[in-house]
Structures are given as structure tokens and as C-alpha cells.
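Asker: A structural model of the following input is requested.
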Amino acid sequence: MEVQDESHLDRATAVSGTGPAIVGVSSPGGTTTRALHALKNGRFSAVLTEAVDAAYVRSRELGDELEAKLEAGAAD
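Answerer: So this is what the prediction gives:
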């Protein structure tokens, strides 16, 4: 995934890094496809959006934590 603006990097990480693990691998007509269909009939889309948003927030937190550590190390 390519982002045009670095400020979108955390959102790209949340979608491309976490998204496949959440949905997993499915084959047409298989059991996973049937399960995903059942989830989509429920509140799956909303929950998936919440999950990706949570991953985005955590990605931002991790970046902030790393930046703080680097700044603290530079001050020493």
C-alpha cells in the first residue's frame, strides 16, 4: 500500500498489517466464506471498522512512544 502523505502511514499500517489477519484466508464456497457471510449479516462491518480504528490508534501510540524514547536518548 502506498500513501501520498506520511500522516496516513499509521492508518495504512492498521489496514494492510492488521486487516488480513482479521479476515483471514477463504476459498469460494468454503466454510470460512460461509462464516464471513453470517458475520456480515450481523454487526461484523461495524466491529471490523472498530478493530481497524483500534489498530490505527495503537500504531500512533507506538510511534509516539518510540519518538519519546529516541528524544530521551538524544538528551542523554
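Asker: Next secondary structure after the helix or strand of the chain with the lowest mean pLDDT?
Answerer: Here the helix or strand of the chain ranked lowest by mean pLDDT, DSSP states H and E is helix 19-23, holding a mean of 64. Per DSSP states H and E, the first helix or strand lying C-terminal to helix 19-23 is helix 31-41.
Asker: what mean pLDDT would you report for that next one?
Answerer: Across helix 31-41, pLDDT averages out at 81.
Asker: what packs against it?
Answerer: In terms of contacts (3 or more C-beta pairs under 8 Å, 6 or more residues apart in numbering; DSSP states H and E), helix 31-41 is not packed against any helix or strand. C-betas here are computed from N, CA, C, even on glycine.
Asker: What residues of the helix or strand just after that helix count as buried?
Answerer: Downstream of helix 31-41, the first helix or strand assigned by DSSP H and E is helix 44-75. Residues of helix 44-75 classed as buried by neighbour count (16 or more other C-beta atoms under 10 Å): 52, 55, 56, 59.
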